[in-house]
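1. pasting the structure only:
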């Protein structure tokens, strides 16, 4: 079996936001038999799309795992549900926990269930800022730019992202 490098975004804006993110990472690492776990700083971020909601805590973590991208997707969804995410809730609305697979190696997947690289990765400061903490030179397999280059060229209306203390 191949060992994959996976990058996953984590976020929360309900309850103990930082604890929700940390618990999500811990459970995800355990469920995916992950090694070499690296975590970004955490950021308090202004909501996108649905602006009338509490600000988020967001981060990114990377792992090494033998699990396939689809297995990682399933693990993430189970954890979100276990920690209280409501499947029927508003898209981009409030959530206890959000886990999004951003990248897995240089694999490109486009199915109805999973798209890797994440289709909006390059549009989101709340993802690019933390991924640059742990992998600024990581190349986007479709856009062929580093995470740092994507962050520097981002035009998102300067959405606010603050290091979380």
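-> Perfect, thanks for sending it. What you see is a predicted model; the values in this text were computed from it and never measured.
2. all contacts plus neighbour counts: C-alpha atoms, from now on.
-> Will do.
3. residue ranges with poor pLDDT in the chain?
-> Along the chain, segments meeting pLDDT under 70 span 85-90, 165.
4. residues near residue 61, how many?
-> For residue 61, the neighbour count with other CA atoms under 10 Å is 23.
5. Actually, residue 156.
-> Count around residue 156 with other CA under 10 Å applied: 11.
6. surely it meets residue 124?
-> Yes. The pair residue 156 / residue 124 is scored as a contact, 7.4 Å apart, by CA atoms under 8 Å.
7. number of nearby residues for the nearest residue to residue 84 once chain neighbours are set aside?
-> Distances taken as CA to CA, 6 or more residues apart in numbering place residue 96 nearest to residue 84, at 6.2 Å, with adjacent residues excluded. Residue 96 sits with 21 neighbouring residues when counted by other CA under 10 Å.
8. swap in the one 4 residues further on?
-> Around residue 100 sit 20 other residues, with neighbours defined as other CA under 10 Å.
9. Paired strands for the host helix or strand of it, with orientation please.
-> Assessed by DSSP states H and E, residue 100 sits inside strand 98-104. Here strand 98-104 is paired, per DSSP bridges, with strand 4-12 (antiparallel).
10. C-terminal to the partner strand, what's the next element?
-> Later in the chain than strand 4-12, the nearest helix or strand by DSSP H and E is helix 17-31.
11. Which SSE is immediately downstream of that following helix?
-> Counting by DSSP H and E, the element after helix 17-31 in chain order, helix or strand, is strand 35-39.
12. Just checking: what are the partner strands of the next helix or strand after that following strand?
-> Next along the chain after strand 35-39, taking DSSP H and E as the criterion, comes strand 43-45. Strand 43-45 has its sheet partners listed here by DSSP bridges as strand 56-65 (antiparallel), strand 161-163 (antiparallel).
13. so is the residue nearest to residue 84 in a helix, a strand, or just coil?
-> The three-state label given to residue 96 by DSSP: H, G, I helix; E, B strand; the rest coil is coil.
14. so what's it up against?
-> Residues counted as contacts of residue 96 (CA atoms under 8 Å, 6 or more residues apart in numbering) are 12, 13, 14, 15, 17, 20, 80, 83, 84, 85.
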